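> Structure of the sequence below:
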Amino acid sequence: MPAYRYVVRRGDEVVATGHLTQERPLEVGETLTIGSRSALVRSVEPTLHDLEMQLVMQLSHDGDSA
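Sure thing, here's the model as predicted:
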């Protein structure tokens, strides 16, 4: 299972960070639900060690009002 260290942003502001695993690899452009908010995957990049990937997400417009 792919493992990710994620950052969720609203504009330039970081609103959440954490770790997650998925049954399949994630791709740029996918939408995930983190808590009660929807976030769009903006980048998926390797970290310094190969155990997890860095995932950067942007809150979607419907997530901004939650």
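> which non-adjacent residue is nearest the residue nearest the centre of the chain?
The chain has residue 57 as the residue nearest its centroid, 4.1 Å off, counting by Cα atoms, centre = their mean. Closest residue to residue 57 apart from its sequence neighbours, by Cβ to Cβ, 6 or more residues apart in numbering: residue 39 at 3.7 Å. For the C-beta atoms, the positions are set from N, CA and C on the backbone; glycine is no exception.
> List the buried residues in the one helix or strand residue 32 maps to.
Assessed by DSSP states H and E, residue 32 sits inside strand 31-34. Applying a neighbour-count criterion of 16 or more other Cβ atoms under 10 Å, one finds 32, 34 buried in strand 31-34.
> pLDDT-wise, which helix or strand of this structure ranks last?
helix 61-64 (a mean of 53; mean pLDDT, DSSP states H and E).
> Just the CA coordinates for the host helix or strand of the residue nearest to the centre of the chain, please, in CSV.
Taking DSSP H and E as the definition, one finds residue 57 inside strand 53-59. C-alpha atoms of strand 53-59 as CSV (Å, rounded to 0.1, in the frame of the first residue of the first chain):
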residue,chain,number,x,y,z
MET,A,53,5.7,10.1,-0.8
GLN,A,54,5.1,13.8,-0.2
LEU,A,55,1.5,14.7,-1.2
VAL,A,56,0.5,18.4,-1.5
MET,A,57,-3.2,19.2,-1.8
GLN,A,58,-5.3,22.3,-2.2
LEU,A,59,-8.7,22.7,-0.6
